[in-house]
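Participant: predicted model and sequence below, questions to follow.
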Amino acid sequence: MIVADTSALVSLATADTLSMVIDEFDVHCPTLVIEELESTAAYEDSHGTAASAVLDLMSQLTVHEVDTPSVESSRIDAGEAHCLGLCAVIDADFLITDDLRALPELQRLTDAHVALSPIVLRALVKRNCLTNDEARTKVEQLAATRDWLGRPIYRRSMSLFDPK
C-alpha cells in the first residue's frame, strides 16, 4: 500500500505515469491532499494541469478522512502530517513525497518507507511496465517541469536509474 502526498501525485501526473502507478499499486491519500490538489488545479500552469489530471483519476484512488494530526513542524506541512496519520491507520508500506527536506523527519515518525516519487518509477521498471530508459526520460520530463534540474532531488532521483 502506498500513501502519496500532493507533491508526489503532481509529479507522477507530470511524468504521465500516474494512471500506470494506480493500475499497479494500491494508492491512498487523505482528503486534505485532495483539497490541496483542488487548490493547485486552479492555477493555469503545469502544476495546475497536473493537479487536474490527478483529480480526473481520483475515483481510482482510495481517499480517507484523517483526524487532524498533531504532527506539524517547520519541515512537515499539513498534507504530509495527514499522510503520516493515514500511514498509521492503514499500515502503509510506503509514504511517497517529493519534499526532500522533510524526508528524514517523516521517516522518524512512521514505520512506512518514506521515498521520493521516482522510486515508484523504479518499481515500475522492476515490474517491466517501463524500461529503465523510459523511466529516466519520465524523470527528466518531471524535473524540467517541476524545476528540479540541478537540484539535490534531481540528482537523487536520477541515481535510481544509473546502471548498477
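Facilitator: Everything's here; your move.
Participant: quick one, strands of the protein?
Facilitator: 2-4, 27-30, 62-64, 94-96, 113-115 (DSSP state E).
Participant: who does the third one pair up with?
Facilitator: When pairs are called by DSSP bridges, strand 62-64 turns out to pair with strand 27-30 (parallel).
Participant: show the average pLDDT along the strand it pairs with.
Facilitator: What strand 27-30 shows for mean pLDDT is 98.
Participant: and the gap between Ser7 and Leu100?
Facilitator: 10 Å (C-beta to C-beta, to the nearest Å). C-beta: built from backbone N, CA, C; applies to glycine.
Participant: with neighbour numbers in mind, choose between the two.
Facilitator: A count of neighbours by other C-beta atoms under 10 Å puts Ser7 above the other of Ser7 and Leu100, at 24 against 17.
Participant: tell me how many other residues surround the closest residue to that one other than its chain neighbours.
Facilitator: Leaving aside its sequence neighbours, Ser7 sits nearest to Asp98 (C-beta to C-beta, 6 or more residues apart in numbering; 3.9 Å). Asp98: 24 surrounding residues under other C-beta under 10 Å.
Participant: relative to Thr68, how far out is Asp98?
Facilitator: Distance of Asp98 to Thr68, computed by C-beta to C-beta: 23 Å.
Participant: want to throw the strands of the chain into a markdown table with mean neighbour count?
Facilitator: Output for these, formatted as a markdown table (neighbours: other C-beta atoms under 10 Å):
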| stretch | mean neighbour count |
| --- | --- |
| strand 2-4 | 30 |
| strand 27-30 | 25 |
| strand 62-64 | 16 |
| strand 94-96 | 25 |
| strand 113-115 | 20 |
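Participant: any chance of TSV for those, columns distance to Arg122?
Facilitator: Output for those, formatted as TSV (distance: least, C-beta to C-beta, whole Å):
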stretch	distance to Arg122
strand 2-4	13
strand 27-30	16
strand 62-64	23
strand 94-96	12
strand 113-115	9
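Participant: so for Gly85, which of those sits nearest?
Facilitator: Among the strands of the chain, strand 27-30 comes nearest to Gly85, with 7.1 Å by C-beta to C-beta.
Participant: which stretches of the protein form helices?
Facilitator: Listed in chain order, the helices of the chain (DSSP state H) span 6-14, 18-24, 31-41, 46-56, 78-90, 103-108, 118-126, 132-145, 152-159.
Participant: right, I'll leave it there.
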